[in-house]
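[1] Sharing a model that was predicted from the sequence below.
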Amino acid sequence: SGIEKITKKDFKGAIDDFTNAIALRDTFPEAYLNRASAKIGLELYSEAITDINLSLNFSVQPNAHYMRASCYHALGSKDKAIGDYSSAVKDDPQNAKAYYYRGVLHFEGGDLEAAIEDFTSALNVDKSYAHAYNDRGSAKRLNEDYEGAIADYNLSIMVDNSLAFAHNNLGSAYRKNGDYKKAIQSYTKALAMDSKNAMIYNNRGSARYDEGDYQGAADDFTRAIEVDPEYAFAYNNRAAAMFKLDKFQKCVDDCTTAINIDPNYGYAYLNRGNAKEMLRDDKGACEDWRKSIELGAKGGEQHIGGCK
């Protein structure tokens, strides 16, 4: 049967079966909805929406609005997705995923309070929803509620200790809260699970930099670069560590590499200007500070006064 074929991921075969069923009875809402499910399996989201709409013409089937919301979400139609997720939770107030994904869209749209409310609703339905704890923590972190974020990331980890991103996010919350040792510990746990993640090495390096361990920071930024040689942010961060270590030419070199990767990286120009000043290249320093200001980086103004 078509349902069995979906279970076996034979989506094309399932579509054929449901199409045959519809040919025999074109007012069969379940067949349209099941064919939509098979099309979703093939990432044919627009075609799936057409089938879901046909199903809804006859009656509201369980999960229909949620399925259509997921299609709109995948297609980037965020407002339509939010509308259907809202219908889905009216259809079934116990649909934790509908609350969660609506929260994700609110989070992406910058409505952090709405996101927190939706993640909380998801958790009221399913208290073991690790991703919901994690994402509520991220919304709280962006709201500068660092203690609340730390609590949520810890709850996410209690539910599922294998989530490297939750340990990474916990590290970032600790760092924002000024607890660099715990931040480093959390990043280290994340790296034990995901040793090829350049961002986590960069984050741990930033925590070490904040703690004053500039060589340790430089080592982590180097690891980030080894994983991702096009990671402009890590080059600029290593440049900042090199500056603190009085290695001004290496600072210039790293900033230059960051700029070659991203010519609009204002802070790389700012840092290179600072290093050039220490190397007595006043003309080059002034050129870099001017460029940093042009690109919107803050800090160049305090140096530019002495430039001709």
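    Nice, thanks for sending it over. The shown structure was predicted, so the numbers you read here are calculated from the model rather than taken from an experiment. Residues are numbered from 1 along each chain as shown.
[2] Going by C-alpha atoms from here, please, whenever you check contacts or count neighbours.
    Fine.
[3] Show me the helices in the stretch 101-250 of the chain, by range?
    With DSSP state H, counting those that start in this stretch, the ranges of helices along the stretch 101-250 of the chain come out as 112-125, 130-142, 146-159, 164-176, 180-193, 198-211, 214-227, 232-244, 248-261.
[4] could those go into TSV alongside distance to residue 72?
    Shown next, in TSV, are those (distance: least, C-alpha to C-alpha, whole Å):
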stretch	distance to residue 72
helix 112-125	18
helix 130-142	21
helix 146-159	28
helix 164-176	26
helix 180-193	33
helix 198-211	30
helix 214-227	34
helix 232-244	33
helix 248-261	34
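[5] Present the ones you listed as a markdown table; the columns should include mean neighbour count and distance to residue 300.
    Putting the helices of the stretch 101-250 of the chain into a markdown table (neighbours: other C-alpha atoms under 10 Å; distance: least, C-alpha to C-alpha, whole Å) gives the following:
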| stretch | mean neighbour count | distance to residue 300 |
| --- | --- | --- |
| helix 112-125 | 21 | 32 |
| helix 130-142 | 25 | 27 |
| helix 146-159 | 21 | 30 |
| helix 164-176 | 26 | 25 |
| helix 180-193 | 21 | 28 |
| helix 198-211 | 24 | 21 |
| helix 214-227 | 22 | 23 |
| helix 232-244 | 26 | 15 |
| helix 248-261 | 21 | 15 |
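[6] so can I have CSV of the ones you listed showing mean pLDDT?
    Output for those, formatted as CSV (pLDDT from 0 to 100):
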stretch, mean pLDDT
helix 112-125, 98
helix 130-142, 98
helix 146-159, 98
helix 164-176, 98
helix 180-193, 98
helix 198-211, 98
helix 214-227, 98
helix 232-244, 98
helix 248-261, 98
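[7] Surely residue 136 and residue 150 touch.
    No. Using C-alpha atoms under 8 Å, residue 136 and residue 150 do not qualify as a contacting pair, with a distance of 10.3 Å.
[8] ok, back up a step: and of the helices of the stretch 101-250 of the chain, who's closest to residue 12?
    Set against residue 12 and scored by C-alpha to C-alpha, these come closest in helix 130-142, at 31.4 Å.
[9] which residues do residue 136 and residue 150 both contact?
    Jointly contacting residue 136 and residue 150 under the rule C-alpha atoms under 8 Å, 6 or more residues apart in numbering is no residue at all.
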